[in-house]
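> Would you be able to build a 3D model of this:
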Amino acid sequence: MAAKEIKEGNKAPDFTALDQNGKKVKLSSFKGKKNVILYFYPKDMTPGCTTQACDFRDQQKKFKTTVILGVSIDSQERHQKFIEKYDLPFKLLADTDKKVVEKYGVWQEKKLYGKIFMGIVRTTFLIDKNGTVRKIFPKVKVKNHIEEVLAELKEL
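So this is what the prediction gives:
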């Protein structure tokens, strides 16, 4: 199921991935308990990704009933360093086999400086307590993204 097939109002595709500590995280384990912000980002320690992660960190208090999960194809070790360096209070999932990014359709062809390559298109999914995709933020621009997410969360 690709992102173009995932629409607002659809059931969020379930997955299990390892977090920065090697612990399994299953999306459906939050069902009935918490809303989930599932955000896909290209790479740990890069300027845009660091800004985005730090924005979520700095606004953590406002996400009371919400779990934040960051996903990239970086390794658990790289995620650990990223979390330690920036004191991130949420889990980062290591999708090294690209199963989750492909399931959510965010692993796409990208262009940079005239080169074409495959990579993660920065995308955020807001999933409610029932496991339904309530909002999709495609091709996220980091500036003001946190405000957009918070505004949508108020609607839940």
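> tell me the contacts of the residue nearest the centre of the chain?
Centroid-nearest residue in the chain: residue 39, 1.6 Å away (criterion: Cα atoms, centre = their mean). Shown in contact with residue 39 (Cβ atoms under 8 Å, 6 or more residues apart in numbering): 52, 56, 68, 69, 70, 71, 122, 123, 124, 125, 140. C-betas here are computed from N, CA, C, even on glycine.
> try it again with 6 Å
70, 124 (Cβ atoms under 6 Å, 6 or more residues apart in numbering).
> Which of the helices or strands spans residue 56?
If you go by DSSP states H and E, residue 56 is part of helix 47-58.
> name the helices or strands packed onto whatever helix or strand comes next after that helix?
Downstream of helix 47-58, the first helix or strand assigned by DSSP H and E is strand 66-72. When contacts are defined as 3 or more Cβ pairs under 6 Å, 6 or more residues apart in numbering; DSSP states H and E, strand 66-72 packs onto strand 35-40, strand 91-94.
> Verify the contact between residue 127 and residue 12 for me.
Yes - in terms of Cβ atoms under 6 Å, residue 127 counts as a neighbour of residue 12; the distance is 4.5 Å.
> so what sits against both of these two?
Joint contacts of residue 127 and residue 12 (Cβ under 6 Å, 6+ apart) are residue 133.
> Quick check: beta-bridge partners of residue 135?
residue 126 (DSSP bridges).
> Name the spans of the protein whose pLDDT lies under the cut-off.
1-4 (pLDDT under 70).
> Pull out the buried positions in stretch 124-133.
Residues 124, 125, 126, 127, 128, 129, 131, 133 are the ones in stretch 124-133 that count as buried (16 or more other Cβ atoms under 10 Å).
> The spatially closest residue to residue 58 that is not a sequence neighbour in helix, strand or coil?
Nearest non-adjacent residue to residue 58, counting by Cβ to Cβ, 6 or more residues apart in numbering: residue 146, 7.9 Å away. Three-state assignment for residue 146 (DSSP: H, G, I helix; E, B strand; the rest coil): helix.
> measure the residue lying closest to residue 50 once chain neighbours are set aside to residue 77 for me?
Distance criterion Cβ to Cβ, 6+ apart; nearest residue to residue 50, sequence neighbours excluded, is residue 86 at 6.5 Å. Distance, residue 86 to residue 77, by Cβ to Cβ, to the nearest Å: 15 Å.
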